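Chemist: sequence? don't have it. structure:
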């Protein structure tokens, strides 16, 4: 066991080993510069998780409270009024007006960290831009979705597969970038369906996967926005 007696960790000075363990870990009695004493583990001290009796956190919270955000802008949000805290005296909430007109409440920490920049409309606008960018090459995501819906007049049950009565065969096709691609005619309906599904994997799957990745990245960036 490492003896931490006399060592300093932030505002804490280790006085002696505690008589009890905390969660089965060796604990130490520590004196804080403010005069309070606490018991904490070796791990908490050496990792920096515990640097005071709690007074450091209270002081930092108090500093946040003293910050005046009235009239300041954070992205699309303009701080217009201070709201009484519903969490605690050390947390200040601010009424913010978004450029879109909505009013939202956010605390000092979320605003000053840069994690919050709108009422949520920024994420919606970025998602719309993402969809629009995917449509520039002529392949609309909603068009891909439409091709996967079953037409009530479709006897095969699969979009893009139909019965060609003039040749007594099943025909398969796919529409990609506003162009019809004919996949062939088949004696067996199952072969026509397989041809259609392979075409979807070839033409649709890469676009849909790229959109999902871009959307996931957008969700991460704008988690609080």
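Modeler: Yep, that arrived. What you are looking at is a predicted structure, and each value in this text was computed from that prediction instead of being measured.
Chemist: Quick check: which element contains residue 200?
Modeler: Residue 200 is part of helix 189-203 when elements are defined by DSSP states H and E.
Chemist: For that helix, which residues meet the burial criterion?
Modeler: The neighbour-count check on helix 189-203 (16 or more other Cβ atoms under 10 Å) flags 189, 191, 192, 193, 194, 195, 196, 199, 200, 203 as buried. Heads up, the C-betas are built off the backbone N, CA and C, glycines and all.
Chemist: distance of the closest residue to the first one other than its chain neighbours from residue 194?
Modeler: Distance criterion Cβ to Cβ, 6 or more residues apart in numbering; nearest residue to residue 189, sequence neighbours excluded, is residue 170 at 4.8 Å. Using Cβ to Cβ, to the nearest Å, residue 170 is found at 11 Å from residue 194.
Chemist: now residue 129
Modeler: 37 Å.
Chemist: now do residue 21
Modeler: In terms of Cβ to Cβ, residue 21 sits 65 Å off from residue 194.
Chemist: what do you get for residue 180?
Modeler: As judged by Cβ to Cβ, residue 180 and residue 194 stand 19 Å apart.
Chemist: For beta bridges, what are the partners of residue 107?
Modeler: Legend: beta-bridge partners of residue 107 under DSSP bridges are residue 93.
Chemist: how is the chain carved up into domains?
Modeler: Following automatic domain parsing, one gets these domains for the chain: 8-53, 60-112, 120-225.
Chemist: Can you lay out those as a markdown table showing mean pLDDT and distance to residue 2?
Modeler: Formatted as a markdown table, the domains of the chain follow (pLDDT from 0 to 100; distance: least, Cβ to Cβ, whole Å):
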| stretch | mean pLDDT | distance to residue 2 |
| --- | --- | --- |
| domain 8-53 | 93 | 7 |
| domain 60-112 | 82 | 29 |
| domain 120-225 | 74 | 40 |
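Chemist: Show residues contacting whichever strand or helix holds residue 97.
Modeler: For residue 97, the enclosing helix or strand under DSSP H and E is strand 93-98. Defining contact as Cβ atoms under 8 Å, 6 or more residues apart in numbering, one finds that strand 93-98 is touched by 69-70, 74, 76-87, 103-108, 111, 118-119, 121.
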